[in-house]
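Chemist: After the sequence you'll find the predicted model.
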Amino acid sequence: MKIQDIKVDIFEWKGTPWKTNYRNIFGQDVNLSVIRIITDEGIEGNSFLGSSKLGSEHHHKGIVDFAKELLIGRNPQDISKIWNDLWKMNRSLSLNAIASIDIALWDINGKISNQPIHRLLGTCKEKVPVYSSTAFHENINDYVKEAITFMEAGWTAHKIHPHGIPDIDIKICQEIRKSVDSKMKLMLDSMCAYQYEDALRVGKKIEDLNFYWYEDPLVEEDIYNYKKLYSKLDIPIVSTEFIPGKYYSVPEWITQKTTNIVRGDVVAMGGISPLKRLTDLADAFNMKCEIHSGSSNSLDNVANLHVIIASANCEFYEFFPCSGENRFGLSEEIEFDNGYVSAPNKPGLGFEIAWKDLNKTYVATIE
Ligand SMILES: [Mg+2]
C-alpha cells in the first residue's frame, strides 16, 4: 500500500468563547481542517487539525508545503519511521501538523486491520474513569456549583483551573473541598502561574486539603525549581504537558526528580506515536502518565482516548464540560456512562466525520 495523495479540507468553526484563565481563550471563530491521507488501495485516513483557540489556519499550509513530499509514495504502515522523519522537520512543520498526520496514519492502520487503534497499540482496559475539568469562573461560588453538579451526577474526580492568584486559588480549593467533602478526588491545575515560593505555599495547603494531584505549578522550563518543589511536597506533582523538547526531554524531567506523574497529549507530543512512547517511558519508571484532553478538537480527544485505553498507567480521561470539550465535526461524540468512558470499538479512530454538517461551512481544499 502506498500513500497517493494528501488533501486538507478547510471549514469554518464558530464557537462561543470560554477560558481556562484570564488569557487562555477558546471558542473563537477559527478554521478546522480535515486531513485526508489517501492511499492507492482506496483506504483514506483522517484526522482534525486546529483547536478553537488556535485554528488550523496556523498550521495547515505546512502539511502541503513541507510534509506532502515526504509522504507521497510511502507505505502508511511504516508509521514509526514516518513519525521520526516528520519530527526532524519540526522547524518547518508545527507539532499540531505533525500530530494530525500521525493520527491520520494510525486511522489508516486501524482501517487496514479492521481494528480500533487501541488494539494495535495493545489494549489494557475496557473503560476508564472521567474527571471533569473546570473552565475559569469569575466567582468562587460558580466553581463550587460546577463541582456539586458533577458529584451529584456520580462523577468521582474533578480538576480545578483557578485564577492563578495564590490566595484566591487556595480559597477556591478550600470551598470546593468543603462542598464535596470526601466524595470526589480533587486536583489543582495552576497552569504554570506561580513563582517557587507561592507554588510551595499553595502546594502545602492543598496537601492539607487531601488533593489528589498538583499540576503545572511552575513554568514549564523551570527544572531547577521543580526539583526543589518535588523534594518539599508530599502531594504528587504532575508536569511535562507542554515542556520544551517534548517527548525527548521527559527522561531528564524524570531522572532529575522533578515530577511524580508525567503528562502529555497527542498534540503536545506530536501524535499517537510519541504519546504511546511517553506512556511506556513512564511505565518503565513505574510512574503514571496522565493524558491531557479536551482543549483541542473532537478527533484529538478520540486519539487521546485510544492511547489511554492502551496504557495501564493512565488513570483518567479528562473532560471539559464547560466548553463541550471543543466538540465539533463528528456525527457522534465520546459518551460518558456514570463517570466512565468505554474503549472505542470501530476500526481506526472509530468516529464518523459529520461531512454533511461540515460542508455547510466549507472554505477550501488545499492539496
Ligand atoms: Mg493542564
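Modeler: Cool, the structure landed. Residues are numbered from 1 along each chain as shown.
Chemist: Just to be sure, residue 183 is in a helix?
Modeler: No. Residue state for residue 183 (DSSP: H, G, I helix; E, B strand; the rest coil) corresponds to coil; a helix is not indicated.
Chemist: quick one: contacts for it?
Modeler: Residues counted as contacts of residue 183 (C-beta atoms under 8 Å, 6 or more residues apart in numbering) are 151, 156. C-beta coordinates here come from the backbone N, C-alpha and C atoms, glycine included.
Chemist: So what does it look like in phi/psi?
Modeler: Note on residue 183: its backbone torsions stand at phi -80, psi -20 [degrees, to the nearest 10].
Chemist: Now do it against residue 158, distance only.
Modeler: Separation of residue 183 from residue 158 (C-beta to C-beta, to the nearest Å): 10 Å.
Chemist: What of residue 84?
Modeler: Distance of residue 84 to residue 158, given as C-beta to C-beta: 38 Å.
Chemist: now do residue 259
Modeler: Noted for residue 259: a distance of 21 Å to residue 158, by C-beta to C-beta.
Chemist: again with residue 166
Modeler: Look at residue 166 and residue 158: by C-beta to C-beta, they are 20 Å apart.
Chemist: The two: who's more crowded?
Modeler: Each of residue 166 and residue 158 has its neighbours counted (other C-beta atoms under 10 Å); residue 158 has more, 24 against 19.
Chemist: what does the helix or strand where that one lies contact?
Modeler: Assignment of secondary structure by DSSP states H and E places residue 158 within strand 157-160. Strand 157-160 has contacts (C-beta under 8 Å, 6+ apart) with 129-134, 143, 147, 150-151, 172-173, 176, 180, 184-189, 212, 215, 316, 318.
Chemist: the domain parsing of the chain - what is it?
Modeler: Listed by automatic domain parsing, the domain ranges of the chain are 3-114+355-366, 119-342.
Chemist: Residue 348: which of those domains is closest?
Modeler: domain 3-114+355-366 (3.5 Å; C-beta to C-beta).
Chemist: burial count for residue 168?
Modeler: Here the number of neighbours of residue 168 (other C-beta under 10 Å) works out to 12.
Chemist: contacting residues around it?
Modeler: By C-beta under 8 Å, 6+ apart, the contact list for residue 168 reads 140, 162.
Chemist: Strands of the stretch 151-300 of the chain, start to end?
Modeler: Under the criterion DSSP state E, counting those that start in this stretch, strands of the stretch 151-300 of the chain are mapped to 157-160, 185-189, 213-215, 237-239, 261-264, 289-291.
Chemist: What average pLDDT does the strand holding residue 158 get?
Modeler: Mean per-residue pLDDT for strand 157-160: 97.
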